[in-house]
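Asker: Need the 3D shape of this:
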Amino acid sequence: MCSVWGDVATVRIVVHGQQAFGKAVLEALIKRGETIVGVYVAPEKEGAKADPLKEAAHAAKLPIFQPASYRKPEVWEEFRALKPDLQVMAFVTLFVPEEFLNIPTHGSIQYHPSLLPAYRGPSAINWPIIKGETETGLSIFWPDNGLDTGDVLIQKKTPISATDTLGSVYFDRLFPMGVEAMLEAIDLVKGGKAPRLKQDEAKATYEGRCGPDNAHIDWGRPWQDVDRLIRGCNPAPGAWSKLDGRTVKIFEARPLPARDPKGIAGKMGEIVAIDNDGFAVVCADGRFKVTRVQADGPKIAANEFATNAKLNTGMRFS
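Answerer: Numbering: from 1, shown residues only. Got it, this is the predicted structure:
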């Protein structure tokens with residue numbers, strides 16, 4: 001148990017998460033000498049590589065736990081035996097009930113990549129880009145039995161530019177900002193100064209997972225909508241369109257808005273130009289210069305795809 005809560009404290013921390021973000025949080029805590037008593041990691045699918053967080057925990061010789069469910073009393077007892085003071089949740093996708101969350105002396109804190117209560121849900125970085133927001137951020141909050149509904153501890157903001165993608169917003173900003181915010185939140189908890197700010201339910205929004213069904217490009221939409229979809233789905237799930245029955249994911253495309261929408265030649269989705277930089281596709285009020293795509297194999301330059309697929313002007317995406 002923690003001996004003192006104030007300016008100096010020995011805190012028994014459990015890290016719970018997965019993937020690169022979970023690994024980064026664990027390594028940051030180890031680097032600054034925190035007492036880590038266990039690591040909980042999502043179980044790998046059969047045949048999958050070991051999770052990066054699991055590998056980092058193994059390298060640090062820390063106890064590793066991978067329950068398939070957190071609803072079982074025996075899992076709670078195993079957790080309780082660690083005598084944790086604080087659970088730090090860094091990218092947790094399995095549901096964790098309050099019976100487990102409340103076991104640590106001072107509860108559990110969790111990272112979420114949006115400014116709660118906005119954009120609750122599993123694709124909280126995709127949707128603000130797709131919907132044209134100019135700002136997003138992250139929240140460190142006290143999770144409960146709801147979906148991203150717990151009291152907020154810390155929030156950090158970051159702008160969304162006209163060229164940002166899911167990848168740039170997350171990897172360049174929300175990822176490193178999130179690690180630092182986790183450390184700041186832990187310090188507030190250790191110092192007995194961590195706030196619990198109620199979320200305003202009147203401002204709450206929830207968006208489901210952004211998957212392939214949401215990522216289909218409708219070339220009949222205005223260029224802003226198509227642009228935001230492509231950027232908000234890069235690198236995952238990848239905005240896509242069909243060409244001669246073949247699914248083509250478009251990861252990079254430069255919008256070329258028309259001064260006069262009525263003057264656009266070509267049908268919606270039609271390839272109207274092919275050159276060394278890629279190919280141009282018509283949308284409702286302009287064109288897109290597509291520069292990077294993926295079809296059956298790895299991502300490649302659009303001009304290479306055009307050559308390999310023998311594209312011609314007049315072919316049409318749907």
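
Asker: Please tell me how far the residue sitting nearest the centre point of the chain sits from residue 174.
Answerer: Nearest residue to the geometric centre of the chain (C-alpha atoms, centre = their mean): residue 125, 5.2 Å. From residue 125 across to residue 174, the span is 7 Å (C-beta to C-beta, to the nearest Å). Where C-beta positions appear, they are placed from N, C-alpha and C, glycine not excepted.

Asker: Need the overlap of contacts for those two.
Answerer: Common contact partners of residue 125 and residue 174 (C-beta atoms under 8 Å, 6 or more residues apart in numbering): 113, 136.

Asker: ok, back up a step: contacting residues around the residue nearest to the centre of the chain?
Answerer: With C-beta under 8 Å, 6+ apart, residue 125 has these contacts: 113-114, 136, 166, 169-170, 174.

Asker: please redo it, this time with the cut-off set to 6 Å
Answerer: 113, 166, 169-170 (C-beta atoms under 6 Å, 6 or more residues apart in numbering).

Asker: ok, of those residues, which one's closest to residue 146?
Answerer: Nearest to residue 146 among the contacts of residue 125 is residue 113, at 17.3 Å by C-beta to C-beta.

Asker: Quick check, the closest one in contact with residue 173.
Answerer: No: taking contacts as C-beta atoms under 6 Å, residue 113 lies outside contact range of residue 173: 9.8 Å.

Asker: The two: who's more crowded?
Answerer: Set residue 113 next to residue 173 and count neighbours by other C-beta atoms under 10 Å: residue 113 wins out with 24 against 20.

Asker: any idea of the pLDDT on that one?
Answerer: pLDDT recorded at residue 113 is 98.

Asker: Same check on the one 3 residues further on?
Answerer: We note a pLDDT of 98 for residue 116 in this prediction.

Asker: Now do the helices in the stretch 201-318 of the chain.
Answerer: Counting by DSSP state H, counting those that start in this stretch, the segments of the stretch 201-318 of the chain that form helices are 223-232, 302-308.

Asker: and the first one, what does it pack onto?
Answerer: The elements that helix 223-232 packs onto, with contact taken as 3 or more C-beta pairs under 6 Å, 6 or more residues apart in numbering; DSSP states H and E, are helix 126-130, strand 246-257.

Asker: longest helix of the chain?
Answerer: Assignment by DSSP state H gives helix 175-190 as the longest helix of the chain.

Asker: and it, which residues are buried?
Answerer: Neighbour counts over helix 175-190 (16 or more other C-beta atoms under 10 Å) mark 175, 177-179, 181-183, 185-186, 188-190 as buried.

Asker: what's that helix in contact with?
Answerer: 9, 11, 24-25, 28, 86, 106, 109, 111, 138, 140, 153-154, 156, 194.

Asker: Max pairwise distance over these: which two?
Answerer: 9 and 138 (24.7 Å).

Asker: The two - which one has more neighbours?
Answerer: Between residue 9 and residue 138, counted using other C-beta under 10 Å, residue 138 has the larger neighbour count: 27 against 16.

Asker: Against residue 181, how distant is the more buried one?
Answerer: 6 Å.

Asker: Would you agree residue 155 falls within a strand?
Answerer: Yes: in this structure, residue 155 lies within a strand as judged by DSSP: H, G, I helix; E, B strand; the rest coil.

Asker: pretty sure it is touching residue 139, no?
Answerer: Yes: counting by C-beta under 6 Å, residue 155 does reach residue 139; the two are 5.0 Å apart.

Asker: More neighbours: those two, which one.
Answerer: Ranked by neighbour count (other C-beta under 10 Å), residue 155 and residue 139 place residue 139 first, with 27 against 16.

Asker: Residue 145 touches residue 99, doesn't it?
Answerer: No: counting by C-beta under 6 Å, residue 99 is not a contact partner of residue 145; they are 9.3 Å apart.

Asker: Between those two, which is the more surrounded one?
Answerer: residue 99 (15 against 12).

Asker: residue contacts, the more buried one?
Answerer: residue 76.

Asker: Ramachandran coordinates for it?
Answerer: Phi and psi for residue 99, reported as degrees, to the nearest 10, are phi -60, psi -30.

Asker: Go through stretch 280-294 and flag the buried ones.
Answerer: In stretch 280-294, counting by 16+ other C-beta under 10 Å, buried: 280-294.

Asker: What's the mean pLDDT across it?
Answerer: 96.

Asker: okay, now residue 193: neighbour count?
Answerer: Residue 193 has 10 nearby residues by other C-beta under 10 Å.

Asker: From residue 111, how far out is it?
Answerer: 19 Å.

Asker: Next one, pLDDT for residue 49 please.
Answerer: pLDDT, read off for residue 49, is 91.
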